[in-house]
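Trainee: Sequence and predicted structure are below.
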Amino acid sequence: MSKGSTSGRLASVSGFADDRLGTAGFLKRNMRKIFPDHWTFLLGEIALYSFVILLLTGTFLTFFFKPVMEEVVYNGSYSPLKGIAMSEAYASTLDISFDVRGGLLMRQMHHWAALLFIGGMMIHMLRIFFNGAYRKPRELNWLIGVALLALSLLEGLTGYSLADDLLSGAGLRITAGVAQSLPLVGTWLTFFLTGGEYPGDEIIPRFYSIHILLLPGILLALITAHLILTWVLKHTQMPGKGRTNDNVVGAPTYPSFMAKSGAYFMFTFGVIALLGTFAQINPVWLYGPYTPSDISAGSQPDFYLAFLDGSLRLMPSWEINFLGFTLPMSVIVPALLPLGIILLGLVLYPFAEQWITGDRREHNIVDRPRNNPHRTAIGMSAVTFYGVLWLMAATDVIAANSRLSINEIIYTGRVLVFLGPAVAYYVTYRICLGLQRRDAEALGHGVETGVIKRRPTGEYIEVHVPPMESIEAQVRGKEPVPILAGTAEDGDGDGVPAHNGKHHPLRRLRAMMSRAYGGEKVPLDGDRDHDGHDGHDGRGEHAGRGERDGHDGGDRAGHGEHDGHDGRDRAGRAAVGPGTDENRAP
């Protein structure tokens, strides 16, 4: 499509709307809004489109689901359960699965969309965290994202429990037990949910109202606010050629971004439809109706709540009895502590980083994860902590399919939940420094091509070429992590300016944390890293000299390597690409 035809169509749309609503200026301005082009920016759209599919499939299911806990005798199409007493909620779920045309497909698409919604949101938040896209002026949008994640976990729990099958009922029994264990408010909260003693007759109707009315309304409002803020504040972009904090390099909303987003929505819809068609999930007819006295072996929650189940399994028995009251710490701690660490850590981290570094600038260019090694290491520690707890939710399944006893698995998990994040932190930090050294070496000595040449002196060298211009611009977009002003080493040995003639312990701590967290770890000049060691090995140094030594006694090979930077060796280009593909700018 030519530029003229595109402008003409945009003008026609603007004219049509302006004649009726007076919005020509608004449409023209916003339809030409520029969006950066990078694959990681599409991760958030997975969650957005999954939410849309959730609304569509959920609306269909509400026409047939009956949120009633009255007992009925099932006489539907599923023969193995005929004549069995069950709640009307479970019976209607079976009817949707076997007697409503397209009902099973809608149920499965709804469940897969829920998993993809929460999973996409988690991956999107990890991208924002590792890139530092939560910094000023986007702190409020980050907090909205954390609230969306927390509410989505609750939305998943309430929806998962509606079928009233044996598997979801086991999870609901655990939820009620955790609520009862809370001091002061536990009993009242349980009565509010169940309408009396557990399980009561009200928990499914109340969960149904929360699931289809309250939480979706709040989620929809927060998602709208999130999108508006993203639009108003502009999108962050990766470092690269021509990109600054004051511009946006990319494609316009119309037609490029709209076409891409439309295609991506259809792709997401197609994947969820295929999963709902061919990948069975939550076959409630195999579990049977819920009875409080029964539980099936190998029961596992959905992945987004598995870490809480894992923490319950790892926690040793511990109770506190005081003045006639009992605090079951074996339930309170695993139910509240892991979730509190993750959510509270997400809320506080942007402000903690700002306090440590003193950096209050606006950031529209994001960081490559390797360029802030401490932040990346902290993020991987949190992922490892979550992953260990998630894995420990399957202790019985692991024990049943291995030669290990369940006690051995639990004891191992108790060690890994502390040791795993520490190891992940150290390994990630060292990897980030190694990647920074590789970037510095690529700038200082060129990129290896795999081409070996022999010099007249008999020495063999590997040909190096300068990195591509776009890759070099991306690497040079690195900025040192800021250090709090006044923390440089000075005469008193700590670099902390005195306040009223005293060095406050908190100021000392802040200065120490700032020096450790910030600063340039590996300079881009490639001469020396932060430990004072060479930023390259001897082979790379010789190759770099040989590559640029165009005046060495008749060394035509070396001279040929130096000539023609614009027409550089294709092998050099191929060697550059894989090393930076994860963060390549368009």
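Mentor: Ah, there it is.
Trainee: make it CA atoms for all contacts and neighbour counts henceforth
Mentor: Will do.
Trainee: low-scoring stretches of this protein, by residue?
Mentor: 1-11, 13-15, 17, 22-24, 486-503, 526-586 (pLDDT under 70).
Trainee: And the closest residue in space to Trp390 that isn't next to it in sequence, how close does it get to Phe65?
Mentor: Spatial nearest neighbour of Trp390, excluding adjacent residues (CA to CA, 6 or more residues apart in numbering): Phe307 at 4.0 Å. According to CA to CA, to the nearest Å, Phe307 and Phe65 sit 30 Å apart.
Trainee: Those two: which is more packed in?
Mentor: Phe307 (26 against 20; other CA atoms under 10 Å).
Trainee: and the more buried one, which of the three is it?
Mentor: Secondary structure for Phe307, judged by DSSP: H, G, I helix; E, B strand; the rest coil, is helix.
Trainee: Look up how far Ser317 lies from it.
Mentor: Taking CA to CA, one finds Phe307 at 18 Å from Ser317.
Trainee: do the same with Met380
Mentor: Taken as CA to CA, the span from Met380 to Ser317 is 29 Å.
Trainee: When those two are compared, which one has more neighbours?
Mentor: Higher neighbour count among Met380 and Ser317: Met380, with 23 against 10, using other CA under 10 Å.
Trainee: who's in contact with that one?
Mentor: Going by CA atoms under 8 Å, 6 or more residues apart in numbering, Met380 touches Pro421, Ala424, Tyr425, Thr428.
Trainee: how does it look with 7 Å?
Mentor: Residues in contact with Met380, defined by CA atoms under 7 Å, 6 or more residues apart in numbering, are Ala424, Tyr425.
Trainee: same question, the one 10 residues further on
Mentor: Trp390 makes contact with Ala306, Phe307, Gly310 under the criterion CA under 7 Å, 6+ apart.
Trainee: Could I get those residues in a markdown table, plus columns for distance to Phe351?
Mentor: As requested, those are exported to a markdown table (distance: CA to CA, whole Å):
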| residue | distance to Phe351 |
| --- | --- |
| Ala306 | 29 |
| Phe307 | 26 |
| Gly310 | 30 |
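Trainee: Tyr49: which of those is nearest?
Mentor: In terms of CA to CA, no member of those lies closer to Tyr49 than Ala306, at 24.1 Å.
Trainee: And what about the closest residue to the closest one other than its chain neighbours, helix, strand or coil?
Mentor: Nearest residue to Ala306 in three dimensions, chain neighbours excluded: Trp390, at 5.1 Å (CA to CA, 6+ apart). Under the three-state scheme (three-state DSSP), Trp390 adopts helix.
Trainee: Dump stretch 293-313 to PDB, keeping only the CA atoms.
Mentor: This file holds the C-alpha atoms of stretch 293-313, laid out as PDB (Å, rounded to 0.1, in the frame of the first residue of the first chain):
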ATOM      1  CA  SER A 293     -14.400 -36.700  53.300                       C
ATOM      2  CA  ASP A 294     -12.700 -37.700  50.100                       C
ATOM      3  CA  ILE A 295      -9.600 -36.600  48.200                       C
ATOM      4  CA  SER A 296      -8.000 -38.100  45.100                       C
ATOM      5  CA  ALA A 297      -4.300 -39.100  45.000                       C
ATOM      6  CA  GLY A 298      -1.900 -36.800  43.100                       C
ATOM      7  CA  SER A 299      -4.100 -33.800  43.300                       C
ATOM      8  CA  GLN A 300      -2.300 -30.700  41.800                       C
ATOM      9  CA  PRO A 301      -3.500 -27.100  41.500                       C
ATOM     10  CA  ASP A 302      -3.100 -25.000  38.400                       C
ATOM     11  CA  PHE A 303       0.500 -23.700  38.000                       C
ATOM     12  CA  TYR A 304      -0.200 -20.200  39.300                       C
ATOM     13  CA  LEU A 305      -1.200 -21.400  42.700                       C
ATOM     14  CA  ALA A 306       1.100 -24.400  42.900                       C
ATOM     15  CA  PHE A 307       3.800 -22.400  44.700                       C
ATOM     16  CA  LEU A 308       1.500 -21.900  47.700                       C
ATOM     17  CA  ASP A 309       0.700 -25.600  47.800                       C
ATOM     18  CA  GLY A 310       4.400 -26.300  47.700                       C
ATOM     19  CA  SER A 311       5.100 -24.000  50.600                       C
ATOM     20  CA  LEU A 312       2.400 -25.800  52.700                       C
ATOM     21  CA  ARG A 313       4.100 -29.100  52.000                       C
END
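Trainee: in it, what's buried?
Mentor: Buried residues in stretch 293-313, counted by 16 or more other CA atoms under 10 Å: Gln300, Pro301, Tyr304, Leu305, Ala306, Phe307, Leu308, Asp309, Gly310, Ser311, Leu312, Arg313.
Trainee: Just the strands from the protein, written as ranges.
Mentor: 34-35, 71-73, 85-87, 251-252, 319-322, 325-328, 447-454, 460-465 (DSSP state E).
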